[in-house]
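> any chance you could fold what I've pasted below:
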Amino acid sequence: MTIAGNVAGIQERIFSAARRVGRSADDLVLMGVSKTFPAEAVREAYAAGIRVFGENRVQEFAEKSAGLGHLPDAAWHLIGHLQSNKAAKAAELFDAVDSVDSLRLAERLNTAAAALGKKLRVLIEINIGGENAKAGLDPFAPELEEILLAAPRLHYLEIRGLMAIPPFFENPEDARPYFRKLREVRDATARRQLSGVGMSVLSMGMSHDFEIAVEEGSTCVRLGTAIFGTRA
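Have a look, this model is predicted:
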C-alpha cells in the first residue's frame, strides 16, 4: 500500500470506530508520527491529507525541517520526552509540545516561548500504566497538581489536555481500561474549571490500538507504522 492508501484506510477505520459509539469522526485529529521517516515521506503524507505531525527528538526534527518548509498549515508536535535543557530549541521548532511532565519543563518552555513571542500549545503527559520505563506523571501525584495550579502564570503556554501511552498488549482490547482511566482523569480535571487549563484534547491511541482509543474518547490518535510502514 502507498502512504495515501494507508491514510484512506485509517480514516475509514476511524470513522467506523467513532460511529460505533455515536461520535463524529470530525472531532478527531489523525497525527502522522513521522519520527525516523525522511522528509519525502512526510510530504507524501501531507499530500494524502495529514496536517499534524509528531516527532520524538528535537535534533532529528531540526535536521529534517529544512526539507519541510513549504507545507502550508502543517503543524509540528514534539511527542517524545523532552529534557529541560532542550526546551528553548523545542519552543523554536515546534508548534506544540505534547509531553510536558514536570513544572520545571513547563516553566522552561514558557520562558522560551516568551522570548520568541509565541504561544506554545502543550499537553501534560500521564504515565497511565505506572510503567518505570515510560515518561509521564502519575495522575494522582502532586507534580500534576503543581502544573495545573501554575497555569495562570505560564502566560505563553496553552495547556490543552492530556497525552498518554498505555502498556502494550497483543490484544488491543486489553488497553481499553487505560484509555478509559485517562479519559476519567481528563474529565475530572475539566470539571474543576481551573484558570488557564484547557482539557479539550485527549491524545491517545497508536497504530495497533487506535480504534479502541477512539471508542474511549480520544481526540487525537498518533499513528506512525500504520501510515508510513515499518521503521528500518
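> quick one: end-to-end distance for stretch 127-145.
15 Å (C-alpha to C-alpha, to the nearest Å).
> just the buried residues of that stretch, please?
Buried residues in stretch 127-145, counted by 16 or more other C-beta atoms under 10 Å: 127-129, 134, 136-137, 139, 144. Placement of C-beta: from N, CA and C, glycine included.
> could you do stretch 184-195 as well?
By 16+ other C-beta under 10 Å, the buried positions in stretch 184-195 come out as 185-186, 189, 194.
> mind exporting the C-alpha coordinates of the lengthiest helix in the chain to CSV?
Across the chain, the longest stretch assigned as helix under DSSP state H is helix 3-20. Extracted C-alpha coordinates of helix 3-20, given in CSV (Å, rounded to 0.1, in the frame of the first residue of the first chain):
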residue,chain,number,x,y,z
ILE,A,3,1.0,6.2,2.2
ALA,A,4,-2.1,7.7,0.5
GLY,A,5,-3.8,4.3,0.6
ASN,A,6,-2.8,3.7,4.2
VAL,A,7,-4.3,7.1,5.2
ALA,A,8,-7.5,6.4,3.4
GLY,A,9,-7.9,3.0,5.1
ILE,A,10,-7.1,4.5,8.5
GLN,A,11,-9.6,7.3,8.0
GLU,A,12,-12.3,4.7,7.2
ARG,A,13,-11.4,2.8,10.4
ILE,A,14,-11.6,5.9,12.5
PHE,A,15,-15.0,6.7,11.0
SER,A,16,-16.3,3.2,11.8
ALA,A,17,-14.9,3.3,15.4
ALA,A,18,-16.4,6.7,16.0
ARG,A,19,-19.8,5.6,14.6
ARG,A,20,-19.9,2.6,16.9
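> quick one: contacts for residue 114?
Taking C-beta atoms under 8 Å, 6 or more residues apart in numbering, we find residue 114 in contact with 155-156.
> still on that earlier bit, how distant is the longest helix of the chain from the center of its chain?
19 Å (C-alpha atoms, centre = their mean, to the nearest Å).
> for stretch 62-82, same thing?
14 Å.
> buried residues in it?
64, 68, 71, 74, 76-80, 82.
> stretch 168-181 now?
Neighbour count says stretch 168-181 has 172, 175-176, 178-181 buried, by 16+ other C-beta under 10 Å.
> now residue 51: phi and psi?
phi -120, psi -10 (degrees, to the nearest 10).
> right, and it touches residue 72 too?
No - Residue 51 is beyond contact range of residue 72, at 9.3 Å (criterion: C-beta atoms under 8 Å).
> on the three-state scheme, residue 201 is what?
Secondary structure, DSSP: H, G, I helix; E, B strand; the rest coil: residue 201 is strand.
> what segments of the chain are strands?
29-33, 52-55, 75-78, 96-100, 120-126, 157-164, 197-203, 220-223 (DSSP state E).
> which stretches in this protein count as helices?
Ranges of helices within the chain are 3-20, 39-47, 58-64, 87-93, 103-116, 142-150, 176-191, 210-215, 225-228, based on DSSP H.
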